[in-house]
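Participant: my questions concern the predicted model and sequence given below.
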Amino acid sequence: MSSNLYQDKIIALSKDLSNAGRLDKPDTTATLDNPLCGDRVTLDIKLKNNGISELSHHVRGCALCKASAALLATEGKAKTSEELMEMTVALENYFKEGKKLPEGWQTYEVFAPVKDHKSRYDCVLLPLKAAVEALS
Amino acid sequence: MSSNLYQDKIIALSKDLSNAGRLDKPDTTATLDNPLCGDRVTLDIKLKNNGISELSHHVRGCALCKASAALLATEGKAKTSEELMEMTVALENYFKEGKKLPEGWQTYEVFAPVKDHKSRYDCVLLPLKAAVEALS
Amino acid sequence: MTFDPLSLRNQFPIFRTNLDKPLFYLDNAASTQMPQTVIDAVTEYETHSRANVSRGVHRLAEAATENFEAARQTVARYIGATSPKEVIFTSGTTDAINLVAQTFGEQLEKGDEVVVTLAEHHSNWVPWYMLAKQKGIILKFLPVEDNGRLDLSKLDQVVTSKCRLIAATHCSNVTGAITDVSALVKAAKSVGAKVLLDGAQMVPHGPVDVGALGVDFYAFSGHKMYAPNGIGVLWGQQSLLETLPPYRGGGGMIRSVSLEGITYAPPPERFEAGTPPIAQAVGLKAAIEWIESIDLHEATKVSHSLMETLLTEMEAQKGLRIIGPVGVNDRLPVVSFTLRDAHPHDVSQILDSIGVAVRGGHHCAQPLMEAYEIDGCTRASFGLYNDYSDVQTLLNGIDKVRGIFS
Amino acid sequence: MTFDPLSLRNQFPIFRTNLDKPLFYLDNAASTQMPQTVIDAVTEYETHSRANVSRGVHRLAEAATENFEAARQTVARYIGATSPKEVIFTSGTTDAINLVAQTFGEQLEKGDEVVVTLAEHHSNWVPWYMLAKQKGIILKFLPVEDNGRLDLSKLDQVVTSKCRLIAATHCSNVTGAITDVSALVKAAKSVGAKVLLDGAQMVPHGPVDVGALGVDFYAFSGHKMYAPNGIGVLWGQQSLLETLPPYRGGGGMIRSVSLEGITYAPPPERFEAGTPPIAQAVGLKAAIEWIESIDLHEATKVSHSLMETLLTEMEAQKGLRIIGPVGVNDRLPVVSFTLRDAHPHDVSQILDSIGVAVRGGHHCAQPLMEAYEIDGCTRASFGLYNDYSDVQTLLNGIDKVRGIFS
Ligand SMILES: Cc1ncc(COP(=O)(O)O)c(C=O)c1O
Ligand SMILES: Cc1ncc(COP(=O)(O)O)c(C=O)c1O
């Protein structure tokens, strides 16, 4: 079961460093910890028209967390703070209750195998929560 | 089983107040508590030739403790501190391991039914321990 | 639902055990027995999914964490907490009250006052005494009336503007009297003080609603409510808990530790250092579900009628003094008494000889014994499985005691 | 006696449980599994003689008290205590260490020093940090060497004449390194300081002799030694315990309580407020008797050879770093490692997918992680029931991890 977690797509995402690192002069920045496992995510964000124009991530954490951050760097583009907040809640419900993901976030279905692993939900959610924090 | 504990002889002893109360000008006095049940024994003792010549008891406690104090007032006569100490240990072993009582203390066999009731050993032992303390 | 103590009794293996004589168990205020379903829940957990909680991702650790957090939710529901985050697992009521004394108490200052009542169990007395000694806090005592109830007419005198906390029992483990909590809460709120209730005796008799009670802290133990021992609960208002410093230090209560310093986890974890009582939490959950499966309205009718029979018979006996309220209203089925010629330990021992388990002594309530000028008393306390045979055998036993000491 | 892990394994119902896949349980440093005999001892007690201890004279209370005190004697024998009075039951190692921090620590003064090591579990770190903050005590840190051992050459520097206590682990829960206790004791005694050992990891592997070790306090937990959780032990030298103030306040730890004041019971009761973990003590006794029934000499040979195989294989792997001593001498079968390209949580998760239960993370030893400049590591820890199949499957799992992350 658990080995399904580490499908090629997730592994590939976790190794995708195209948006890794720090931005010069970001408009906003946030660092968030997962106290349970010690994972830490730092996001730098530039804004345009109320939405994200550029996002870079620095992750000390597991493959799921890294993959989630990498995905956010592309999927988060043009998203507003409200949309991110909505998605964060929706993703939690997607894991916990099998609810659907909102429009425009379908690529996150790559994380479907995480559903079976309660202790790992937070790994995927952490970058989204950091983005919400950065934008609020 | 337990009802055997309250045989006529023990009940009679527990009601025997002939040596109850306090002595005028005792040579020594001791008060001892059983922290577990709150029993308290106060003994006043007069001495002659290294042994007990007179003993009075004041007991706040159960029938076993009262009976034991009453018996000590008569059986303790002329006994020395060493003899009391020896008897205290011997009585504990009499209860715990079925060992014999020392010469001169046979009347304590009235307490034989206590053997089956570990939680009550201390009730009978308390007056003896108080006497040892008074004499030491 | 209907209610039949005898059918309940059959769910408790101890009553089917081949003891040397039948068991009339009336020592429920000390510890209740455990139904098969609770024993099974604990055994099942220990057999099939034992692991340490949190931080582990293997399937056993994940299952243990889930079980543990599910127990927290069940407790929260049972006591009407707003959120499971308000439920802190401790090793018992005593531990729960010490937690408050050390964290909330830590923030008190010299000259601040804490009110305790003379009806308190030592567990809700000694922690405040120790705190008072340590920090120069002043203890005020709310007296009891002759009938076993708190003397609420004295509230005005003992609750001053310096009062920071009223620590009171929800129900006395000696008199069975249920506290008029609203009076305490009103007095406390009028001076901005908090209220801690010791619910050790109350909670086994059915759900409480901490919100409706209006208190700030609520403490109780598993072993008095058909659950394992080694577990207890402190409930605290979330906003209040968030302001409190940690209790014990160790694993699980930190956010991060380094040579530079330490940051602490939010409640409830902040107060749960070390490996928590996991199997015991599983047992507590099962016990609460068991209690919830019972028609407590009917059960209370039965226990009231048992108590009424017992009290009526006792009141007619010369030389027998009931330590507690006379009627059955606003009291739990906890009946304490003294006999003029027989010491409580002798009474308990003779009752034991015919199979009746009661407790004699000071019941860890020496200040109350002092107030009533007694060394101790004998207590018969009822659980959900008791019936008339228990009352009748107890009364027969009291006759026997009289026969021996007359 | 002979020793065969497989026959031992059969005594543990969890290995016979119909899980979705076989269980290779290598998370013993977090919690061990429980053999049937311990589960049975607890169930038997809860089923047939459950009651509260002390002060009760009815047969169940008397049996409970006897069981509880018998457990104290068994523990005393197992650790070589002079008297059962030196054995204090707590809710776990964490609680035991906090007990020392609050009672012994209570007597320390501003400017006094406490030495802890960088190898400590948070449970033997945070209590001292909290005490230091509270009382102005100075913490000194004994560093670790690259090979996972305490750097004893620095003892002279950190143990000064102001040192009052050295708090050290008997064996690290990360590196498995066993501490050279005699060096610590010598350093402590030379300045009149006491020594507390955290034996949580050590005690499951066989009896210790606190007298021979020459220490003053020794702490451990039941759940890591095949016993229930919710129980732990603090051993302390009797003469030292007698000088200490109480820990928590409540029932059972007093001699008398009145409005005028309180006097406390002697040790061990002074430190055991509230209803203690009775069923858990019964389980701990059964677990110790179970350990004592095993030929530990043979068991150690087996675990050493398992550890040797594992370490040898690991040393040959590129990108794998062992966090701990290289050889098998003076270490327990606790093997932690990092993989260059895989995070410990991913490693544990992938191992879980083939049935191997290990733990990944900081293991409540963040200062040690800092010292080795890692975020965390993966730990495989062995119990008496592990055999080559566990080692082999773990190694296969590591291959699988490499396959995924290569
Ligand atoms: C070395 C060490 N000390 C202390 C502890 C804490 O033990 P507990 O959580 O049982 O209190 C542990 C285990 O978690 C440990 O491995
Ligand atoms: C009213 C009350 N408070 C507190 C306690 C202490 O509970 P525990 O011993 O489980 O900590 C008890 C029972 O002993 C009690 O009856």
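Facilitator: Great, that's in hand. Ligands and ions are numbered 1, 2, ... in the order given.
Participant: centre-most residue in chain C?
Facilitator: Centroid-nearest residue in chain C, with C-alpha atoms, centre = their mean: residue C:200, separated by 0.8 Å.
Participant: that one reaches residue C:220, doesn't it?
Facilitator: Yes: here residue C:200 lies in contact with residue C:220, judged by C-beta atoms under 8 Å, at a distance of 5.1 Å. Quick note: C-beta positions are derived from backbone N, CA and C, even for glycine.
Participant: common neighbours of these two, please.
Facilitator: residue C:93 (C-beta atoms under 8 Å, 6 or more residues apart in numbering or on different chains).
Participant: and the longest helix for chain A?
Facilitator: Longest helix in chain A, counting residues (DSSP state H): helix A:81-97.
Participant: and the following helix or strand past that one, C-alpha only, in PDB?
Facilitator: Next along the chain after helix A:81-97, taking DSSP states H and E as the criterion, comes helix A:121-135. In PDB, the C-alpha atoms belonging to helix A:121-135 read as follows (Å, rounded to 0.1, in the frame of the first residue of the first chain):
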ATOM      1  CA  TYR A 121      -1.600  14.600   5.300                       C
ATOM      2  CA  ASP A 122       0.300  17.400   7.000                       C
ATOM      3  CA  CYS A 123       3.400  16.800   4.800                       C
ATOM      4  CA  VAL A 124       1.400  17.700   1.700                       C
ATOM      5  CA  LEU A 125      -0.600  20.500   3.400                       C
ATOM      6  CA  LEU A 126       2.400  22.300   4.900                       C
ATOM      7  CA  PRO A 127       3.400  24.300   1.800                       C
ATOM      8  CA  LEU A 128      -0.200  25.400   1.200                       C
ATOM      9  CA  LYS A 129      -0.500  26.500   4.800                       C
ATOM     10  CA  ALA A 130       2.800  28.400   4.500                       C
ATOM     11  CA  ALA A 131       1.400  30.200   1.400                       C
ATOM     12  CA  VAL A 132      -1.800  31.100   3.200                       C
ATOM     13  CA  GLU A 133       0.300  32.500   6.000                       C
ATOM     14  CA  ALA A 134       2.500  34.400   3.600                       C
ATOM     15  CA  LEU A 135      -0.500  36.000   2.000                       C
END
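Participant: by contact count, what packs against helix A:121-135?
Facilitator: In this structure, helix A:121-135 packs against strand A:28-34, strand A:39-48, strand A:51-60, helix A:63-75, helix A:81-97, with contacts taken as 3 or more C-beta pairs under 8 Å, 6 or more residues apart in numbering or on different chains; DSSP states H and E.
Participant: mind checking the end-to-end distance for stretch A:71-90?
Facilitator: This stretch, stretch A:71-90, spans 16 Å end to end (C-alpha to C-alpha, to the nearest Å).
Participant: again with stretch C:110-122
Facilitator: This stretch, stretch C:110-122, spans 23 Å end to end (C-alpha to C-alpha).
Participant: give me the contact status of that stretch with chain D.
Facilitator: Yes: residues of stretch C:110-122 are located near chain D by C-beta under 8 Å from any C-beta of the partner chain, namely C:121-122.
Participant: may I see the buried residues of that stretch?
Facilitator: The neighbour-count check on stretch C:110-122 (16 or more other C-beta atoms under 10 Å in any protein chain shown) flags C:112-122 as buried.
Participant: closest to residue C:309 among those residues?
Facilitator: Using C-beta to C-beta, residue C:119 is the member of the buried residues of stretch C:110-122 that lies nearest residue C:309, at 25.0 Å.
Participant: kindly state the pLDDT recorded for the spatially closest residue to the closest one that is not a sequence neighbour?
Facilitator: Of all residues not flanking residue C:119 in the chain, residue C:172 sits nearest, at 4.5 Å (C-beta to C-beta, 6 or more residues apart in numbering or on different chains). The score at residue C:172 is 98. That number is its pLDDT.
Participant: residue C:172 contacts residue C:368, correct?
Facilitator: Yes: contact criterion C-beta under 8 Å: residue C:172 and residue C:368 qualify, at 7.4 Å.
Participant: intersection of neighbour lists for the two?
Facilitator: residue C:119.
Participant: tell me which of these two has more neighbours.
Facilitator: Taking neighbours as other C-beta atoms under 10 Å in any protein chain shown, residue C:172 and residue C:368 compare with residue C:172 leading, 33 against 26.
Participant: from residue B:122, how far out is the closest residue to chain A within the stretch 101-250 of chain C?
Facilitator: Nearest residue of the stretch 101-250 of chain C to chain A, counting by C-beta to the nearest C-beta: residue C:246, 13.7 Å away. As defined by C-beta to C-beta, to the nearest Å, residue C:246 lies at a distance of 41 Å from residue B:122.
Participant: residue A:86: how many residues sit nearby?
Facilitator: 15.
Participant: against ligand 2, how distant is the closest residue to chain C within chain A?
Facilitator: In chain A, the residue that lies nearest chain C is residue A:35 (4.4 Å; C-beta to the nearest C-beta). Distance from residue A:35 to ligand 2, counting by C-beta to the nearest ligand atom, to the nearest Å: 30 Å.
Participant: that residue: neighbour count?
Facilitator: Neighbours around residue A:35, by other C-beta under 10 Å: 16.
Participant: ok, it - contacts?
Facilitator: Applying C-beta under 8 Å, 6+ apart, the residues contacting residue A:35 are C:254-256, C:265.
Participant: gap between it and residue D:367?
Facilitator: 16 Å.
Participant: likewise for residue C:269?
Facilitator: For residue C:269, the distance to residue D:367 - C-beta to C-beta - is 20 Å.
Participant: and what of residue A:114?
Facilitator: Relative to residue D:367, and taking C-beta to C-beta, residue A:114 is found at 31 Å.
Participant: enumerate every residue touching the closest residue in space to residue C:340 that isn't next to it in sequence.
Facilitator: Excluding the flanking residues, the one nearest residue C:340 by C-beta to C-beta, 6+ apart is residue C:319, at 3.7 Å. By C-beta under 8 Å, 6+ apart, the residues touching residue C:319 are C:339-341, C:402.
Participant: any idea which of those is least confident?
Facilitator: Confidence by pLDDT is poorest for residue C:341 among those, given 89.
Participant: thought residue C:403 was touching it, still the case?
Facilitator: No: counting by C-beta under 8 Å, residue C:341 stays clear of residue C:403, with 11.1 Å between them.
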